[in-house]
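Student: Generate a structure from the sequence data that follows.
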Amino acid sequence: MAFAFALATALAACLALGGCGRPEPKARPEETRGEFADERADETRGERADELGSAAPPPHGQGRGRRPAPAKAAPAPRPSAPRERFWELAELPKVTPLRVIELPTRLDVPRFEVAGPVLIDDAARGDSADLAVVASSQLGFAAVDWRRGKVAWTRATGAHVAPPLVLPDGDLVLLSDCALPPDTDEPVLGCARVVTAAGADRSDGAIVGSAALAAAMRDPGPQRTWSLPDHRVAWQRGATALTLDLASGRARQGADAPAPLTVRHRDLELDITLDEDGQLRAHRRGGARALQWQAPGRFAAILGVIPGLAHETPMLRVVRPSIVRSVGTTAAGTSFDILDVDALTASGSQAAVPAPGIQLLASATGARNAAALVVRLDRSLRRDYVIAYTGGARVAWVYPLPDALRSDAVGVAVEKDAVLVFHDGDTLTVLPPIE
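Tutor: Down below sits the predicted model:
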């Protein structure tokens, strides 16, 4: 009875309080902290998603159970216009050739060397420097009438040829391997031919010397020739140089250095030299040949001497390679500076717009200090060009050489009526004069 009474009493109290259902569940933490808790939770989820490299889930109460919308793909970049092949020269004046002369060559013969052009006067016809002599292993020696676009005369050679050399009297010396084996029992170093500008032979014969010298002259290195006194010439092949007596055809090892460039100012005479390491030096002429100065840095070529007025010291116009550092929108690279250097003190200053490029292939100077350079722009071996400077150091024009893989030497010569470029072993291009 007592238990029944207690149960009835508890039930009555429960009904009086509004019912006896299940107890209310405890509120979740995020529901009790309000809207600021929702914002903080969304931020936390976003930060966590960033750390994991994935997209964050949608905010609380928004889009639950839905797939996120796919991200829009970035628009494809517009294709850029192709850059000009010689974009570095875009702001310089261009020229077109006056004439392009293709020379006949033997394709069944390897092309070991290429040399020229060397300008000669044909006094017999009354013309002035209208013949350019070029050479290659596939061509031999050829005198080209560049004004008319014809070959005036040729001479056959062996596999290797040296640069043609003009003697003080106007004749040419042509040195090469012999086209036919000479009839001699002595060691043969090559063959020498002396030719007039008109193409008449004055002499033709073998060059003989010691067996040791003959072996040394097989060096496959670059070749040079220069004139010496007493009807002698020097021939350098690689590291070996010889002196050839043109009258006897005999050669001996060793040769005097080429004649230096001489500069005179009042009672002072200086010999200017540029060695194979690019060192530019001036020595006092005569006596002990005391060193006057040595210019700092390395140089690529001497273009000529600017004499100046009577009270002014002469200046040397030289080419010096330099490195262009990146400044602003100007990209880093290399170029060749044209400098005017005081012949007495070696102090110098920039004289002209630099020529961009990595290698000076050739240079030549004409009348009134007009000069032409052949420059390689990069290592592709396909982007070479000619740049012409007036005597006042102004860029007259530039001419890009044809697009070809160019491993052969390139030669250039400056005449008053044209600039001649021998390239690719078989082409003589005639460019406008430098004005």
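Student: for stretch 281-299, which positions count as buried?
Tutor: Buried residues in stretch 281-299, counted by 16 or more other CB atoms under 10 Å: 281, 282, 283, 285, 292, 293, 295, 299. Every residue, glycine included, has its C-beta placed from N, CA and C.
Student: now, which of these lie within strands?
Tutor: Using DSSP state E, the members of the buried residues of stretch 281-299 that fall in strands are 281, 282, 283, 292, 293.
Student: For the residues you listed, please prepare TSV with the additional fields distance to residue 91 and pLDDT.
Tutor: Listed next are those as TSV, based on distance: CB to CB, whole Å; pLDDT from 0 to 100:
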residue	distance to residue 91	pLDDT
281	36	95
282	36	96
283	41	95
292	39	93
293	36	95
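Student: For those residues, work out which two are farthest apart.
Tutor: Spatial extent of those (CB to CB) is set by the pair 283 and 293 at 9.3 Å.
Student: Can you pull out the low-pLDDT segments for this protein?
Tutor: Scanning the chain for pLDDT under 70 picks out 1-83, 122-129, 310, 324-333.
Student: residues touching the residue sitting nearest the centre point of it, list them.
Tutor: Geometric centre of the chain, nearest residue: residue 376, 2.5 Å, by CA atoms, centre = their mean. Residues near residue 376 by CB atoms under 8 Å, 6 or more residues apart in numbering: 357, 358, 359, 360, 361, 383, 384.
Student: List just the nearest of those to residue 120.
Tutor: residue 361 (22.6 Å).
Student: distance of the closest one from residue 339?
Tutor: According to CB to CB, to the nearest Å, residue 361 and residue 339 sit 19 Å apart.
Student: do residue 203 as well
Tutor: With CB to CB as the criterion, residue 203 and residue 339 are 43 Å apart.
Student: the more surrounded of these two?
Tutor: Neighbours per residue, other CB atoms under 10 Å: of residue 203 and residue 339, the larger number sits with residue 339, 23 against 13.
Student: For that one, which residues are in contact?
Tutor: Applying CB under 8 Å, 6+ apart, we find residue 339 in contact with 317, 318, 319, 320, 348, 349, 350, 351.
Student: tell me the secondary structure for residue 88?
Tutor: helix (DSSP: H, G, I helix; E, B strand; the rest coil).
Student: residues in contact with it?
Tutor: Per CB under 8 Å, 6+ apart, neighbours of residue 88: 356, 377.
Student: where along the stretch 101-250 of the chain do the helices fall?
Tutor: Secondary structure of the stretch 101-250 of the chain, counting by DSSP state H, counting those that start in this stretch: helices at 211-216.
Student: follow-up on the earlier one: biggest separation within the buried residues of stretch 281-299, which pair?
Tutor: 285 and 299, at 20.7 Å, using CB to CB across these.
Student: wouldn't residue 132 be in contact with residue 119 here?
Tutor: Yes: taking CB atoms under 8 Å as the definition, residue 132 is a contact partner of residue 119 at 5.8 Å.
Student: Pick out whichever of those two has more residues nearby.
Tutor: More crowded of residue 132 and residue 119, by other CB under 10 Å: residue 132, with 27 against 20.
Student: quick one, what contacts the more buried one?
Tutor: Residue 132 touches 116, 117, 118, 119, 120, 143, 144, 146, 413, 420, 422, 428, counting by CB under 8 Å, 6+ apart.
Student: do residue 104 as well
Tutor: Applying CB under 8 Å, 6+ apart to residue 104 gives the contacts 139, 151, 426.
Student: Residue 234 and residue 244, how far apart?
Tutor: For residue 234, the distance to residue 244 - CB to CB - is 8 Å.
Student: next one: residue 339
Tutor: 36 Å.
Student: same deal with residue 194?
Tutor: Distance, residue 194 to residue 244, using CB to CB: 11 Å.
Student: The two: which is more packed in?
Tutor: residue 244 (25 against 20).
Student: The more buried one pairs with what?
Tutor: Taking DSSP bridges, one finds residue 233, residue 251 as the beta-bridge partners of residue 244.
Student: Check the offset of stretch 249-259 from the chain's centre.
Tutor: Between the centre of stretch 249-259 and the centre of its chain there are 32 Å (CA atoms, centre = their mean, to the nearest Å).
Student: And for stretch 161-172?
Tutor: 29 Å.
Student: try stretch 269-289
Tutor: Mean-position distance between stretch 269-289 and its chain equals 27 Å (CA atoms, centre = their mean).
Student: try stretch 135-144
Tutor: On CA atoms, centre = their mean, the centre of stretch 135-144 falls 26 Å from that of its chain.
Student: Is it correct that residue 335 is in contact with residue 357?
Tutor: Yes: with contact defined as CB under 8 Å, residue 335 and residue 357 form a contacting pair (6.6 Å).
Student: Go ahead and confirm residue 113 touches residue 157.
Tutor: No: taking contacts as CB under 8 Å, residue 113 lies outside contact range of residue 157: 9.8 Å.
Student: Please say which of those two ends up with more neighbours.
Tutor: Taking other CB under 10 Å, residue 113 and residue 157 do not tie; residue 157 has more neighbours (26 against 21).
Student: separation between the closest residue in space to residue 175 that isn't next to it in sequence and residue 247?
Tutor: Closest residue to residue 175 apart from its sequence neighbours, by CB to CB, 6 or more residues apart in numbering: residue 162 at 4.1 Å. Using CB to CB, residue 162 is found at 19 Å from residue 247.
Student: more crowded one of these two?
Tutor: residue 162 (24 against 10).
Student: Residue 150 versus the more buried one, what's the distance?
Tutor: From residue 162 to residue 150 the distance is 25 Å (CB to CB).
Student: can you check residue 272 too?
Tutor: 39 Å.
Student: go on, residue 427?
Tutor: When residue 427 is compared with residue 150 (using CB to CB), they lie 15 Å apart.
Student: Any chance of the backbone angles for residue 298?
Tutor: phi -120, psi 150 (degrees, to the nearest 10).
Student: Now it: closest residue in space, sequence neighbours ignored.
Tutor: Nearest residue to residue 298 in three dimensions, chain neighbours excluded: residue 278, at 3.4 Å (CB to CB, 6+ apart).
Student: In contact with the residue lying closest to residue 223 once chain neighbours are set aside: list those residues for me.
Tutor: Distance criterion CB to CB, 6+ apart; nearest residue to residue 223, sequence neighbours excluded, is residue 162 at 4.5 Å. By CB under 8 Å, 6+ apart, the contact list for residue 162 reads 113, 115, 135, 174, 175, 176, 223, 224, 225, 235, 237.
Student: again, only using 6 Å
Tutor: The contact partners of residue 162, by CB atoms under 6 Å, 6 or more residues apart in numbering, come to 175, 223, 225, 235.
Student: Please apply the same query to residue 140.
Tutor: Each residue near residue 140 by CB under 6 Å, 6+ apart is listed here: 154, 155, 156, 157.
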